[in-house]
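Undergrad: sequence unavailable; structure follows:
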């Protein structure tokens, strides 16, 4: 999808979201909904300006954007977000340190980083730093660790 | 002078000094790494500062701010890659100097210029802010409402490339600020019956989501496996700078004053300060042709102007709650999470903190001289060798744990991910992020003051336009909003018509 089409689709999505929010405020007392509804109105107006501008032919270079693409690399973005999601599920189920150790190793390896020794040292240094700062110095409680409960503080 | 003397012992406490030194080093490392900015670094570290005393937290932020602005010069000079947006101007003469074998000397000039620019800016903050805050005593609720509108308009219109998208982003921030219980009626707004949203959105969660997650995802997307080769960042011995200090003073004075002036204006930022300073240095020089070919004064002007913007951007932030730049907006968020509300009350009730912060801005600027020598430049240049692919998961993991420890809830972490995605999409579609954050910060102020005005005057909307002060701020806001139209008309006049 090109720049103009993306702007038009984005504008339509914003307008739909604003219409939904406008309706959500229907049951709110008039005094309480005045400010958010004013903002919604202004935002809708600005979105229309953006859409009209694109519809009238404003291209990516005219908007100061050279060779526009939404993703620099869609596949890598998908993998990164997927791994991050799995990591967050891991944090909530097996704890922060175990999940982070795996995440810090797996993400670079998946993208072809071929120095496992350097990865291991970086991972250990990073997790030690986190433990010293959050658990030792600030005494914060981290998500419960399934494998090493003592690490969670 | 008295408030500064009272704050000095607190600033010199050991935990503060560690925070200042640590923050400066972290800032220099972050600035030296292209892709990491001062704004992002502070956004990642704000949750960590939550457990600290406010002055310690602010000392760390001051160090990151000043350190990052200098750190950006390291790759700018060595590799012609600006570490931070304002250091683009440093590449103009810094890199040609490096090509001539004068990289070490260029880095010394950049370091001294950053330190002096930062010091001039901190002195301006220390002298102007306490006076300006007295003026704010003239402000009533209507004037405060217009100040919020002005600050938001300025950041939205002037900061990004597209004013319309800047304003949409600001509106998004304002809308997010309305989520939760209404301050007057106690009625829930836009909570979708979710208990989590009743107290409103946590500023730090939104801030970290928008600023920390997208750059990390983009780094992973780029998947750069190698850092910069060792040979490219080798520094040769260079002559001591103190012999040439005299030749730089006029450039430093001019650039320092430009940086302070630009910094005070909301929405301008270090890039504009660096560009104007550089242009003025070239105009004033007897040999303007030498600029862009490795003139040391070009490096001095760019770095001094860029750092002179730093503390000055905090003048409107501390006095009016309207930050002068994106980094100042993030530091303002840091103040707010520690329960410190900008304005006269801050100067009266938390004098040690606010005056202490001003001293910290001065100290962290001067610290750059200690850290910016040849030996430390060599060490900091080594961070360029770290593969960015390793940094991405570390930034994500640090953000996750920082946000989790705010309230010990994983819901915050999922919200962080949600706003991370929103930030990524906004960035790719050209919506600037700073106006959204500022909208979230200023939204409650704007709404409170608006509704207070209407309550006092029995819903008479004319009360918003009663005073000359309101009209002055409205005039400034109109000027800011009309500026893009003026620029567009000017550009059209310059473009020759097609035959």
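TA: Sure, I can see it. All values reported here derive from a predicted model rather than from experimental measurement.

Undergrad: going forward, measure contacts between C-alpha atoms and count neighbours the same way
TA: OK.

Undergrad: just give me the neighbour total for the residue of the stretch 101-250 of chain B found nearest chain A.
TA: Nearest residue of the stretch 101-250 of chain B to chain A: residue B:221, at 5.1 Å (CA to the nearest CA). A count of neighbours around residue B:221, defined by other CA atoms under 10 Å in any protein chain shown, yields 23.

Undergrad: quick one: residues contacting it.
TA: Contact analysis of residue B:221 by CA atoms under 8 Å, 6 or more residues apart in numbering or on different chains lists A:72-74, A:76-77, A:80.

Undergrad: which residue in those has the weakest pLDDT?
TA: Ranked by pLDDT, these bottom out at residue A:72, which scores 83.

Undergrad: distance of that one relative to chain B?
TA: 7 Å (CA to the nearest CA, to the nearest Å).

Undergrad: now residue 47: closest residue in space, sequence neighbours ignored.
TA: Looking at chain A here, since you left the chain open. residue A:11 (5.7 Å; CA to CA, 6 or more residues apart in numbering or on different chains).

Undergrad: that's the wrong chain, I meant chain B
TA: The nearest residue in space to residue B:47 (CA to CA, 6+ apart) is residue B:402, at 5.0 Å.

Undergrad: do the same with residue B:94
TA: residue B:77 (4.5 Å).

Undergrad: tell me the pLDDT at residue B:268?
TA: pLDDT at residue B:268 comes out at 63.

Undergrad: what does residue B:384 give?
TA: 74.

Undergrad: give me the neighbour count for it.
TA: When neighbours are counted by other CA under 10 Å, residue B:384 comes out with 24.

Undergrad: wait, a helix at it?
TA: Yes - counting by DSSP: H, G, I helix; E, B strand; the rest coil, one finds residue B:384 located in a helix.

Undergrad: might one say that it is in contact with residue B:31?
TA: No - between residue B:384 and residue B:31 there is no contact under CA atoms under 8 Å: 10.4 Å.

Undergrad: helices and strands around the helix or strand where residue A:36 lies, which ones?
TA: If you go by DSSP states H and E, residue A:36 is part of helix A:30-55. Secondary-structure packing of helix A:30-55 (3 or more CA pairs under 8 Å, 6 or more residues apart in numbering or on different chains; DSSP states H and E): helix A:3-24, helix B:163-177.

Undergrad: which of the residues in that helix are buried?
TA: A:32-33, A:35-37, A:39-41, A:43-44, A:46-48, A:50-51, A:54 (16 or more other CA atoms under 10 Å in any protein chain shown).

Undergrad: just to revisit the earlier point, can you say which of the contacts of residue B:221 are buried?
TA: Counted by 16+ other CA under 10 Å, those give A:76-77, A:80 as buried.

Undergrad: within reach of chain B, which of the residues you listed are there?
TA: Near chain B, judged by CA under 8 Å from any CA of the partner chain, the entries from the buried ones among the contacts of residue B:221 are A:76-77, A:80.

Undergrad: name the nearest of these relative to residue B:271.
TA: residue A:77 (29.7 Å; CA to CA).

Undergrad: would that closest one count as being in a helix?
TA: Yes - Residue A:77: assigned to a helix according to three-state DSSP.

Undergrad: please name the nearest non-neighbouring residue to residue B:165.
TA: residue B:431 (5.3 Å).

Undergrad: the one you found: how many residues sit nearby?
TA: 25.

Undergrad: look up how far chain A lies from it.
TA: Using CA to the nearest CA, we find residue B:431 at a distance of 11 Å from chain A.

Undergrad: next, the contact list for that residue, please.
TA: By CA under 8 Å, 6+ apart, the neighbours of residue B:431 are B:160, B:162, B:165-166, B:168-169.
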